[in-house]
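K.L.:
Need coordinates for the below:
(one chain, ligands or ions: 1)
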Amino acid sequence: MSRELLNRLGIEIPLLPTTSVGSFPKPPYLTKARSDRKKELISSDDLYNLEQQATKEWLDFQESIGMDILVDGEMYRGDMVAYFAEIIPGFDPGGLVRSYGNRYYYKPIIKSKLKYPGPMTVEWWKRAQTLTKKPIKGMLTGPYTIMDWSFNEYYPDRAAASYALAELIRDEVSELIGAGCKIIQVDEPAVSVRPEELEIAKNALQIVTEGQNAYFITHICYGAFEKIYPAMLDLPVHNFDLELSNSDLDMLEHFARHPFTKDITFGVVDVHTHKIEDVELIKTRIEQALKYLPKEAVWIDPDCGLKTRTVEESKQKLSNIQAAVEAVRAELQE
Ligand SMILES: [Zn+2]
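P.N.:
Okay, the predicted model is just below:
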């Protein structure tokens with residue numbers, strides 16, 4: 001448990017701190033502005049101002065319902081890998097690739113030696129942090145996932161590409177810490193897809209986090225958890241942010257067999273459904289979690305990024321999470 005580390009970093013959190021995975025839906029005016037910008041109907045300054053406005057609206061909302069650790073909502077990002085690939089020299093934007101159903105995404109190509117372009121997320125983090133006293137997580141996509149979601153035409157193998165990316169994500173972590181960021185999330189959603197490459201992801205994250213004075217979280221999407229657990233606990237982070245509710249908390253059996261030894265951000269609402277889970281259901285999920293996990297180690301959030309939900313659905317899900325957490329906290333204090 002890493003409450004001592006957070007205390008040392010000057011971060012005070014209540015029991016069952018509430019947070020979000022990272023992305024929120026863009027309000028309709030911003031979606032329109034992004035498409036207007038592509039058609040060059042508005043300037044990049046116009047778009048930037050609207051991204052700022054949407055970021056502030058999401059920060060205000062998180063504060064208004066009493067969330068503890070905030071995110072900027074990623075109003076300025078399209079895809080979590082493309083955002084970085086577009087900035088990092090050595091990548092070619094690549095082409096559209098079908099992921100599932102009718103969803104397409106750009107799969108970038110590593111064409112030459114990757115170089116750190118200078119701060120990629122720091123200005124956004126700094127601006128957001130000036131708008132609130134609550135801590136805001138620094139949000140980076142992990143080296144293993146950037147590698148996995150790209151084509152590699154330069155490095156000899158997947159490990160080498162991951163480690164090269166890790167070096168530059170490490171530089172970005174240093175910049176975030178230098179700017180005052182204390183909680184940094186390095187998303188590795190791809191880790192649960194290829195259990196045989198867990199070692200690569202681990203070595204890469206080691207490069208990113210080693211000797212860096214911050215509290216590290218990694219988000220891993222739902223996948224073959226049963227194949228990477230408990231080995232995944234060796235990933236060098238303090239907190240695992242996991243998608244647990246869309247599989248009916250089936251991971252809890254594994255936690256019963258092998259205790260979870262780190263902090264966990266426990267996903268309590270499914271992000272793939274329009275259905276709004278009510279406070280009672282979320283409360284039950286938290287209570288289930290606390291049967292297997294020490295309460296001091298548990299943070300609470302949605303399963304994954306909320307960007308595919310509507311603004312209204314996301315707000316309702318987050319509000320219900322907050323209400324459920326407050327109810328459980330009150331019971332724990334009785
Ligand atoms: Zn996820």
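K.L.:
contacts and neighbour counts: CA atoms only from here.
P.N.:
OK.
K.L.:
Going along the chain, name the helices of the stretch 101-250 of the chain.
P.N.:
122-130, 143-148, 158-178, 198-209, 225-228 (DSSP state H, counting those that start in this stretch).
K.L.:
can you redo these as a markdown table with mean pLDDT?
P.N.:
Shown next, in a markdown table, are the helices of the stretch 101-250 of the chain (pLDDT from 0 to 100):
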| stretch | mean pLDDT |
| --- | --- |
| helix 122-130 | 97 |
| helix 143-148 | 97 |
| helix 158-178 | 98 |
| helix 198-209 | 98 |
| helix 225-228 | 88 |
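K.L.:
Highest mean neighbour count out of these?
P.N.:
helix 143-148 (a mean of 24; mean count of other C-alpha atoms under 10 Å).
K.L.:
Tell me how far that helix lies from the chain's centre.
P.N.:
Put simply, helix 143-148 sits 14 Å off its chain's centre (C-alpha atoms, centre = their mean, to the nearest Å).
K.L.:
before we move on, what about stretch 73-89?
P.N.:
With C-alpha atoms, centre = their mean, you get 13 Å for stretch 73-89.
K.L.:
Residue of the stretch 1-150 of the chain closest to the ion, please.
P.N.:
In the stretch 1-150 of the chain, no residue comes nearer to the ion than residue 21, which is 7.4 Å away by C-alpha to the ion.
K.L.:
does that residue count as helix, strand or coil?
P.N.:
Under the three-state scheme (DSSP: H, G, I helix; E, B strand; the rest coil), residue 21 adopts coil.
K.L.:
Please give me every residue in contact with residue 33.
P.N.:
Taking C-alpha atoms under 8 Å, 6 or more residues apart in numbering as the criterion, residue 33 is in contact with 42, 47, 50.
K.L.:
and the residue lying closest to residue 246 once chain neighbours are set aside, how many neighbours?
P.N.:
Nearest in space to residue 246, with sequence neighbours left out and distances taken as C-alpha to C-alpha, 6 or more residues apart in numbering, is residue 270 at 5.1 Å. Look at residue 270: counted by other C-alpha atoms under 10 Å, it has 22 neighbours.
K.L.:
and what of the one 3 residues further on?
P.N.:
Using other C-alpha under 10 Å, residue 273 has 12 neighbouring residues.
K.L.:
Tell me the spacing between the closest residue to it other than its chain neighbours and residue 287.
P.N.:
Distances taken as C-alpha to C-alpha, 6+ apart put residue 309 closest to residue 273, at 7.9 Å, once the chain neighbours are dropped. In this view, residue 309 and residue 287 are 26 Å apart by C-alpha to C-alpha, to the nearest Å.
K.L.:
now do residue 177
P.N.:
In terms of C-alpha to C-alpha, residue 177 sits 35 Å off from residue 287.
K.L.:
need the contact list for the closest residue to residue 305 other than its chain neighbours.
P.N.:
Closest residue to residue 305 apart from its sequence neighbours, by C-alpha to C-alpha, 6+ apart: residue 23 at 4.7 Å. Shown in contact with residue 23 (C-alpha under 8 Å, 6+ apart): 71-75, 305-307.
K.L.:
Of those, which is the most crowded?
P.N.:
For the contacts of residue 23, the largest neighbour count, defined by other C-alpha under 10 Å, is 27 neighbours, found at residue 72.
K.L.:
List the contacts of residue 262.
P.N.:
With contacts taken as C-alpha under 8 Å, 6+ apart, residue 262 has the following neighbours: 1-2, 233, 238-240, 297.
K.L.:
about what we covered before: surely the residue of the stretch 1-150 of the chain closest to the ion touches residue 219?
P.N.:
Yes - the pair residue 21 / residue 219 is scored as a contact, 7.2 Å apart, by C-alpha atoms under 8 Å.
K.L.:
still on that earlier bit, filter the contacts of residue 33 down to just the ones in helices.
P.N.:
Secondary structure from DSSP state H places 47, 50 of the contacts of residue 33 in helices.
K.L.:
now, which of the contacts of residue 33 sits nearest residue 12?
P.N.:
Residue 12 lies nearest to residue 50 out of those, by C-alpha to C-alpha, at 31.8 Å.
K.L.:
ok, now which ones touch the closest residue in space to that closest one that isn't next to it in sequence?
P.N.:
Distances taken as C-alpha to C-alpha, 6+ apart place residue 30 nearest to residue 50, at 6.3 Å, with adjacent residues excluded. Residues near residue 30 by C-alpha under 8 Å, 6+ apart: 47, 50-51, 54.
K.L.:
Mind putting those into a markdown table with neighbour count and distance to the ion?
P.N.:
Shown next, in a markdown table, are the contacts of residue 30 (neighbours: other C-alpha atoms under 10 Å; distance: C-alpha to the ion, whole Å):
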| residue | neighbour count | distance to the ion |
| --- | --- | --- |
| 47 | 20 | 27 |
| 50 | 20 | 26 |
| 51 | 23 | 23 |
| 54 | 23 | 22 |
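K.L.:
mind checking pLDDT for the residue lying closest to residue 240 once chain neighbours are set aside?
P.N.:
In space, not counting the residues next to it along the chain, residue 240 is nearest to residue 264; the distance is 4.8 Å by C-alpha to C-alpha, 6+ apart. For residue 264, the pLDDT comes out at 97.
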